[in-house]
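Q: got a sequence here, can you build the structure:
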Amino acid sequence: MERSIAFTCALSVCAGSASADITVYTDRSLWEEAANAAIVTEDFNAIGPQIIAPGATLDTGLLQITRDGEPNGSDGLLEIEPGANFGNLDGTTFLSGETGVEPHEVVNFGFNGQSVIAFGADWFSPFSGDGIGLMVGNELILLDQIAGFDQGFVGFVSDGESFDNVQIVGNPDSVTFQELWSADNVSYAIPSPASASLLSLGALVALRRRR
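A: Just a heads-up that it's a prediction; the model follows:
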């Protein structure tokens, strides 16, 4: 199946046979409405400035952020920065990093061992998102494909299976520069028990259809 992407206030990603249907939003209120579940948000305001070393995990209590690898040339950082620094979105503490050129750095987000049906954040990139991607299961959401993106909310809602991690990855195309990015107000939605049962049932039906 070929994937077609159309970016408006929301976009649909045609999923392959092994992945979920995902809708991506650039409006937080519409994203919250579509998630239709309790939203958990990590704003980093209670986290002191610090660097996350390669291979290390920062556990904020709401979010587990693991740094897998390091940017090209080892001159980039993954860190919690004060709100006064370049890259902040609302004047408060935020997470910043660089994807690097190949091999790209990967940042993993975990959710206290829980699976989520929605994930989003307020993003900033001084280079219009070139090289920044969100990996959700088998789907890659490239921020630079969102028309006019340089900062603002981007999030997704899964219409099928839930996910226990989301990754920030580099653009699969070869790039010759390090891509700066910032994220704040990282949010996710955990399905209610009833919703989780429906998701499991939907996945089972899809599996039987593929057989």
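Q: output the longest strand anywhere in the chain in PDB with nothing but the alpha carbons.
A: The residue-count maximum for a strand in the chain (DSSP state E) belongs to strand 180-189. Output in PDB follows, covering the C-alpha atoms of strand 180-189 (Å, rounded to 0.1, in the frame of the first residue of the first chain):
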ATOM      1  CA  LEU A 180      18.500  21.500  16.400                       C
ATOM      2  CA  TRP A 181      15.100  20.900  18.100                       C
ATOM      3  CA  SER A 182      13.300  21.800  21.300                       C
ATOM      4  CA  ALA A 183      10.300  20.100  22.900                       C
ATOM      5  CA  ASP A 184       8.100  21.300  25.700                       C
ATOM      6  CA  ASN A 185       4.800  20.300  27.300                       C
ATOM      7  CA  VAL A 186       5.200  16.700  26.100                       C
ATOM      8  CA  SER A 187       1.800  15.100  26.400                       C
ATOM      9  CA  TYR A 188       0.300  11.700  26.000                       C
ATOM     10  CA  ALA A 189      -3.000   9.900  26.500                       C
END
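Q: buried ones in it?
A: By neighbour count on 16 or more other Cβ atoms under 10 Å, the buried set for strand 180-189 is L180, W181, S182, A183, D184, N185, V186, S187, Y188, A189. The way it works is simple: take the backbone N, C-alpha and C, and place the C-beta from them, glycine included.
Q: would a markdown table of those with distance to D122 and pLDDT be doable?
A: Below are the buried residues of strand 180-189 laid out as a markdown table (distance: Cβ to Cβ, whole Å; pLDDT from 0 to 100):
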| residue | distance to D122 | pLDDT |
| --- | --- | --- |
| L180 | 15 | 80 |
| W181 | 11 | 86 |
| S182 | 8 | 91 |
| A183 | 7 | 94 |
| D184 | 5 | 97 |
| N185 | 5 | 98 |
| V186 | 8 | 98 |
| S187 | 9 | 98 |
| Y188 | 14 | 98 |
| A189 | 16 | 97 |
